[in-house]
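Engineer: Need coordinates for the below:
(one chain, ligands or ions: 2)
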Amino acid sequence: MEGKCIPVIDMQKLEEDDGEQQLKRLREASEEWGCFRIVNHKIPSSLMSEMKKVVREMLDLPMEIKMRNTDVIAGSGYMAPTQVNPLYEALGLYDLASSQSLRTFSSQLDLSPHQRETIEMYAEAIHELAIDLGRMLAKSMGLASDLFKGWPCQFRINKYNFTPETVGSSGVQIHTDSGFLTILQDDENVGGLEVMDKSGAFVSVDPWVGTLLVNLGDVAKAWSNGRFCNVKHRVQCKEACIRVSIASFLLGPKEEAVEAPPELVDSDNPRQFLPFTYEEYRKLRISTKLQAGEALQFVRSNP
Ligand SMILES: O=C(O)CCC(=O)C(=O)O
Ligand SMILES: [Fe+2]
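Structural biologist: Ligands and ions are numbered 1, 2, ... in the order given. Next up, the predicted model:
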């Protein structure tokens, strides 16, 4: 049973004064898996299901409207199906904490007031959760501060056009997420997501309504001086149903470089990565087509 394998973190317990045990679990999950489910988070399930409804409506818009969702940073806008991932398409919104960006996105897609409002509420709640999670991850490493405030966040709304003919084929190729952390609202009915464990085996992630999945990305690996795992994952077509997911990425610092805090560097743990900006790193991943964390080799201190 897959659900047994992915660690589960209770957000409510984490926020309690005596949350030491949960913090330890969080650190272990981040180091061993780079992936965990969160339960008892503050996002109302009604908001999650309303957002999913709105997202489906947006993905059902005609192609010429979806094409208006243009890039703000490299690769942040609409992605049509390609030869590599023919079953996959995505809409994107950068930066979800900016009301101007939300307005532009909504106008480009001609969204209704209700759709706009739902996206705004969801963006606000997810952003708050991402910052909370960042604070807890820092705390789990013995660092207490709001290190991740002001880091931009991006939405990616994914649709997988699975049919009976495509069962067994790939929805999205193996990759790591480039940023610090991802909060994924996966499809509540349709499975297909698989994460790689430390031994290199893929573990299926079963749908679990009302919970959210967290993945740590390449920036988390660099920021933690190699301690956190940037989890490799992919989506496989396992059933002939449309699959929809909402990924919210807390990317990296806007202008400053990604660097491990000095507390995480000592003679036993020398600095593993050179400072780099998130934007440089994102471009590097795109230009090298190295999507599964391999691009980190170019920013290693001792290549
Ligand atoms: O659709 C999913 O469950 C995963 C999507 C994903 O990995 C991503 O958007 O980076
Ligand atoms: Fe991903």
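
Engineer: Would you tell me which residues of this structure are close to ligand 1?
Structural biologist: Counting by Cβ under 6 Å from any ligand atom, the residues of the chain close to ligand 1 are 156, 158, 172, 177, 184, 186, 193, 233, 235, 245, 247. Using the backbone N, CA and C atoms, a C-beta is placed for each residue, glycine as well.

Engineer: which SS class is the fifth one?
Structural biologist: Under the three-state scheme (DSSP: H, G, I helix; E, B strand; the rest coil), residue 184 adopts strand.

Engineer: Give me the distance between it and residue 126.
Structural biologist: In this view, residue 184 and residue 126 are 11 Å apart by Cβ to Cβ, to the nearest Å.

Engineer: Give me the common contacts of these two.
Structural biologist: Counting by Cβ atoms under 8 Å, 6 or more residues apart in numbering, the shared contacts of residue 184 and residue 126 are residue 248.

Engineer: out of these two, which sits in the busier spot?
Structural biologist: residue 126 (25 against 22; other Cβ atoms under 10 Å).

Engineer: hey, where'd the helices end up in the stretch 151-300 of the chain?
Structural biologist: Under the criterion DSSP state H, counting those that start in this stretch, helices of the stretch 151-300 of the chain are mapped to 218-223, 278-288.

Engineer: Of those, flag the one that's most buried.
Structural biologist: Mean neighbour counts were compared across the helices of the stretch 151-300 of the chain using mean count of other Cβ atoms under 10 Å; the top stretch is helix 218-223, at a mean of 26.

Engineer: ok, and what's touching that one?
Structural biologist: By Cβ under 8 Å, 6+ apart, helix 218-223 touches 30, 34, 137, 176-181, 228-230, 251-252, 258-261, 272-273, 276, 278, 281, 285, 293, 295-296, 299.

Engineer: how about the helices of the stretch 151-300 of the chain in a markdown table, adding mean pLDDT?
Structural biologist: Formatted as a markdown table, the helices of the stretch 151-300 of the chain follow (pLDDT from 0 to 100):
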| stretch | mean pLDDT |
| --- | --- |
| helix 218-223 | 98 |
| helix 278-288 | 94 |
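
Engineer: for the residue lying farthest from the centre of the chain, what are its contacts?
Structural biologist: Distance to the chain centre peaks in the chain at residue 267, reaching 32.2 Å (criterion: Cα atoms, centre = their mean). Listed by Cβ under 8 Å, 6+ apart, residue 267 has no contact partners.

Engineer: Could you pick out the one among the residues of the chain next to ligand 1 with the lowest pLDDT?
Structural biologist: Looking at those by pLDDT, the weakest one is residue 172, with 92.

Engineer: what residues are up against the nearest residue to that residue once chain neighbours are set aside?
Structural biologist: Once flanking residues are discounted, residue 172 sits nearest to residue 235: 4.3 Å by Cβ to Cβ, 6 or more residues apart in numbering. Listed by Cβ under 8 Å, 6+ apart, the contact partners of residue 235 are 88, 160, 170, 171, 172, 192, 193, 194, 243.

Engineer: Tell me how far the closest residue to ligand 1 within the stretch 51-200 of the chain lies from residue 35.
Structural biologist: As assessed by Cβ to the nearest ligand atom, ligand 1 sits closest to residue 193 within the stretch 51-200 of the chain, at 4.0 Å. According to Cβ to Cβ, residue 193 stands 10 Å off from residue 35.

Engineer: what touches both of the two?
Structural biologist: With Cβ under 8 Å, 6+ apart, residue 193 and residue 35 have common neighbours 213, 233.

Engineer: show me what contacts residue 240?
Structural biologist: 162, 163, 164, 166, 167.

Engineer: Let me know the distance separating it from ligand 1.
Structural biologist: As judged by Cβ to the nearest ligand atom, to the nearest Å, residue 240 and ligand 1 stand 17 Å apart.

Engineer: Tell me the buried residues in stretch 27-37?
Structural biologist: 27, 29, 30, 31, 33, 34, 35, 36, 37 (16 or more other Cβ atoms under 10 Å).

Engineer: what pLDDT, on average, does the biggest helix by length in the chain get?
Structural biologist: Longest helix of the chain, by residue count under DSSP state H: helix 113-140. For helix 113-140, mean pLDDT is 96.
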